[in-house]
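> generate a structure from the sequence data that follows.
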Amino acid sequence: MLVPLNWLRDYVAVDVPVEELADRIGTSVAEVERIVRRGVPDEDGNLGLYRVGRVVAAGKHPNADRLQLCSVDVGEGEPRQVVCGAWNFGEGATVAVALPGAVLPDGRRLERAKLRGTVSDGMILSELELELGTDHTGILVLADPWEPGTPLADVLPLSDTVIELETTPNRPDLLSVYGVAREVAALYDLELAPPPGADPEPASDEPVDVTVEDLDGCPRYIGRLFREVRVQRSPPWLKARLAAAGMRSISNVVDVTNYVMHALGNPLHVFDFDTLEGGRIVVRRAWKGEEFISLDGELRKLDPADLVIADGERAVAFAGIMGGLDTEVREETTNVLLEAANFEPLGILQSSERHSLRTEGSNRWEKGVDPHLAPQAAAYATELIVELSEARWTGSVDVKGELPEPAAVPFRPERASRLIGLEIDLAQQRKTLEKLGFTFENGSLRVPTWRARDVTREADLVEEVARFHLNEVPFTTARGEFGLLTPEQRFRRVVEDVLAGCGCSEAYTPSLVPDDLASDALRLPVPLSAEQAVLRTTLLHGLVESARRNIDAGNESIALFELAHVYLPSGEPKPDEHWHVGGITEGGFFRAKGILETLYEALHVDLHPERAERSFLHPGKAAQLTAGWFGELHPALLEGEWGVFELDLGALFGEVPARLVYEDVITYPAVRQDLAFVVDEDVLAGALVDAARAAAGPELRELRVFDVYRGGQIPEGKKSIAFSVVFQSSERTLSDEDARALREKIVSALAAQLGAELRA
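Residues are numbered from 1 along each chain as shown. Down below sits the predicted model:
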């Protein structure tokens, strides 16, 4: 949710540094993603170099056919000569001018310059250059005849600061500037302005034909008819507000619907009334086999479960999601029907998922918009449409079913203080809750309808009080005895410490993943989105996506691990939950193997990898372990060489020795030798190691593979594996004969069991 600060201040007069405001909001309301400063830099008198200008003369540049040479009055007595590449204006036009020395929104400093041999003493600006919109086909011509030299900041919103919020699904009221303003008013004990919008006088009382066949799916539908509408470009202030909110300008009438949605949180839609068959609206479920073309140009094949807006003959819009191409408002439109409705959240979510179509509107409906908000949104939109398009409001209808009333929830202020751990005065609690829209009534609180889905019990009300006093809650120590960690918990902490010591950073990834990643995974009955549809059965997807985000951010030497639950089908509604640890690291197969060798050594467990094949791992670089697997990620999943691993911690914990027995340090010298064996290609190095250890016994202290060689003197289908061995006894010094005997035992065992031939 993007909250332009100038827009926010229309509803609450907050006057604090934006960093402080963001910190307070982040603590008590919603996470603040970032602060963005838009438009003309407001520093060191820069705004004073932006002025209203009047073109007193304009003509073709003497040395360039595509340039216009203008004389512009900027309130200095003598006009300035300015070269401009646009031709959508002429003598007498009121324009926006930047003088030499001005810093533009993109950071460039404007200088007095020669263009094709002629001095240009300033710049006539387009709305794109001012970040007021996206139009750069011509310069910005001001509609009103402002006095030349008037500071441009008095005419246009040249600068703004935008706070970007990450709202949670339970707070749809925060998907509006007014909803955020309500929270800010409570934070700073300020007055909240009344909701914007008031109905103008209607021009007539023309009937509007609206039928709602499914009041469960559409509890309310307000339709308003406007005649003699002039569809044109929006004024600069409206374009600027929409741009700051992350939306593009389309036309004055369509922009009004987006503006009101962002202001109040209730999505709206407009139809070209003359394209509606029979001039009527029917809200119903789609017919079997019905289809229509949506505004994005896609042919939508409808499902009978889809709620649609139809006219007398056909579906013309996805209810709450997207309108239809045939009924869109165009430049030639003169009669408009405004829709201000309310839709049931679950149905909108299911249709949105079914058709893989998400919009700003569906995002709000699926979270639950206040059904009592529609009349206010309709009034605000009506006011703006009449003002900006010179339309006549000629008719209105409000079709509604039984709307929910504010619920009463018991509340004990003294219990709130006890649970919070801070004595908060009753008057202070009351003031905070009333600022948020709650009303006290006989020991209970009436919950405002915009919070009905979120606040349903006393604990929720305690939370409302607590979040405004988080900075005041003292740190306390729990009373009573402290519990001890279980062996499994201590084991998981050791795993975390070892992986962190290997240079890996811990990641936290979503438990919900796309449903095409695991056919046997448990699917949510009502998925949050196509990307969060099933419970993960592996940590791999989340780690790969985390690595990809780090690459996109320009990070290097990426090494991540995650220790979390996976959810395996159990045949019952409740899945089997297993603790897994997974990792991904740059460096490929051997980097992943090195990390696991360090982990297994720290746990005093032998690492016995076996060759494996997995579709997501690079062929020939995949290994199976008793507790899991490791290998090199298939390059189709992520470009580059990436080592990955995943272990079942329950299985790994079962391999950890119950106790470690101390063994005295051996002081007798060791005998070191190198051995190389030629074996068949399919013989694993691990099998040679196991056979050698069994043959030589405890006096074989170390056995390490240091080379695998193919080609040259090695026959086809064979390979040479070289080992470094250490012989050592805890009882005596081994002689050369002792070492030779141990060596012969190894050679004989490997020849008999694996067909190995000693090479050196």
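
> and the residue positioned nearest the centre of the chain, what does it touch?
Centroid-nearest residue in the chain: Glu166, 7.8 Å away (criterion: CA atoms, centre = their mean). Applying CB atoms under 8 Å, 6 or more residues apart in numbering, one finds that Glu166 lies in contact with Met1, Ala30, Glu31, Val32, Glu33. C-beta here means a position set from N, CA and C on the backbone, and glycine is covered the same way.

> switch to 7 Å and redo it
Glu166 sits next to Ala30, Glu31, Glu33 when contact means CB atoms under 7 Å, 6 or more residues apart in numbering.

> for Tyr188, same thing?
Val14.

> for it, phi and psi?
Dihedral pair for Tyr188: phi -110, psi 10, per degrees, to the nearest 10.

> residues contacting Ile424?
Contacts of Ile424 by CB under 7 Å, 6+ apart are Ala416, Ser417, Val465, His469.

> run through who's touching the strand or helix carrying the third one.
With secondary structure defined by DSSP states H and E, Val465 is part of helix 458-466. With contacts defined as CB under 7 Å, 6+ apart, helix 458-466 is touched by 409-411, 416, 419-420, 424, 429, 432-433, 436, 445, 454-455.

> can you list the buried residues in the helix or strand harbouring Ala181?
Using DSSP H and E, Ala181 sits within helix 177-188. The neighbour-count check on helix 177-188 (16 or more other CB atoms under 10 Å) flags Val177, Tyr178, Gly179, Val180, Ala181, Arg182, Glu183, Val184, Ala185, Ala186, Leu187 as buried.

> cool, stretch 619-626 as well?
In stretch 619-626, counting by 16+ other CB under 10 Å, buried: Lys621, Ala622, Ala623, Gln624, Leu625, Thr626.

> would the first one count as being in a strand?
Yes - with DSSP: H, G, I helix; E, B strand; the rest coil as the criterion, Lys621 is located in a strand.

> how far away is the spatially closest residue to it that is not a sequence neighbour from Leu422?
Take Lys621 and drop its neighbours on the chain: the residue closest to it by CB to CB, 6 or more residues apart in numbering is Glu632, 3.9 Å away. Distance, Glu632 to Leu422, by CB to CB, to the nearest Å: 54 Å.

> more neighbours: those two, which one.
Neighbour comparison, Glu632 and Leu422: the larger count goes to Glu632, with 23 against 15 (by other CB atoms under 10 Å).

> so what's the residue located most distally from the centre of the chain up against?
Computed with CA atoms, centre = their mean, the residue of the chain farthest from its C-alpha average is Glu737, at 69.6 Å. For Glu737, the contact set (CB under 7 Å, 6+ apart) is empty.

> same check, this time on Gly587
Glu641, Gly643.

> and if you look at the one 3 residues further on?
Contacts of Phe590 were listed using CB under 7 Å, 6+ apart, and none were found.

> quick one: secondary structure of it?
Under three-state DSSP, Phe590 falls in the helix class.

> same deal with Gln68?
strand.

> dihedrals phi and psi, the residue lying closest to it once chain neighbours are set aside?
Distance criterion CB to CB, 6+ apart; nearest residue to Gln68, sequence neighbours excluded, is Cys84 at 4.9 Å. Geometry field for Cys84 lists phi and psi as phi -140, psi 140, criterion degrees, to the nearest 10.

> tell me which stretches of the stretch 401-550 of the chain form strands.
408-410, 439-441, 444-446, 505-506, 512-513, 534-535 (DSSP state E, counting those that start in this stretch).

> for the helix or strand hosting the residue farthest from the centre of the chain, C-alpha coordinates in PDB please.
Under the criterion of DSSP H and E, Glu737 resides in helix 736-754. Output in PDB follows, covering the C-alpha atoms of helix 736-754 (Å, rounded to 0.1, in the frame of the first residue of the first chain):
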ATOM      1  CA  ASP A 736      57.500 -51.500   8.100                       C
ATOM      2  CA  GLU A 737      56.500 -55.200   8.200                       C
ATOM      3  CA  ASP A 738      53.400 -54.200  10.300                       C
ATOM      4  CA  ALA A 739      52.400 -51.500   7.700                       C
ATOM      5  CA  ARG A 740      53.100 -53.900   4.800                       C
ATOM      6  CA  ALA A 741      50.800 -56.500   6.400                       C
ATOM      7  CA  LEU A 742      48.000 -54.000   6.900                       C
ATOM      8  CA  ARG A 743      48.400 -52.900   3.300                       C
ATOM      9  CA  GLU A 744      48.200 -56.400   2.000                       C
ATOM     10  CA  LYS A 745      44.900 -57.000   4.000                       C
ATOM     11  CA  ILE A 746      43.400 -53.900   2.300                       C
ATOM     12  CA  VAL A 747      44.600 -55.000  -1.200                       C
ATOM     13  CA  SER A 748      43.300 -58.500  -0.700                       C
ATOM     14  CA  ALA A 749      39.900 -57.400   0.600                       C
ATOM     15  CA  LEU A 750      39.300 -54.900  -2.100                       C
ATOM     16  CA  ALA A 751      40.300 -57.400  -4.800                       C
ATOM     17  CA  ALA A 752      38.100 -60.100  -3.400                       C
ATOM     18  CA  GLN A 753      35.000 -57.900  -2.700                       C
ATOM     19  CA  LEU A 754      35.100 -55.300  -5.400                       C
END
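
> got a winner among the contacts of Glu166 for most neighbours?
That'd be Ala30 among those, by other CB under 10 Å, with 19 neighbours.

> and that one, how far from Pro619?
Taking CB to CB as the measure, Ala30 falls 47 Å from Pro619.

> next one: Glu601
On the measure of CB to CB, Glu601 and Pro619 end up 28 Å apart.

> doesn't Ala240 fall inside a strand?
No - applying three-state DSSP, one finds Ala240 to be helix, outside a strand.

> could you pull up the residues touching it?
Leu132, Pro157.

> before we move on, what about Met261?
By CB under 7 Å, 6+ apart, the contact list for Met261 reads Pro267, Leu268, Glu360.

> correct me, but Ala58 touches Glu91?
Yes - using CB atoms under 7 Å, Ala58 makes contact with Glu91 at a distance of 5.1 Å.

> so which of the two has more stuff around it?
Ala58 (18 against 12).

> so what's that one closest to, chain neighbours aside?
Leaving aside its chain neighbours, Ala58 sits nearest to Cys70 (4.7 Å; criterion: CB to CB, 6+ apart).

> run a quick neighbour tally on that neighbour.
By other CB under 10 Å, the residues close to Cys70 number 29.

> verify the stated contact: it with Val55.
Yes - the pair Cys70 and Val55 qualifies as a contact (CB under 7 Å) at a distance of 5.4 Å.

> isn't Cys504 right up against Gly583?
Yes - at 6.0 Å, Cys504 counts as touching Gly583 under the criterion of CB under 7 Å.

> more neighbours, the two?
Gly583 (27 against 19).

> secondary structure class for that one?
Going by three-state DSSP: Gly583 is strand.

> could you check how far it is from Leu599?
Going from Gly583 to Leu599 by CB to CB gives 9 Å.
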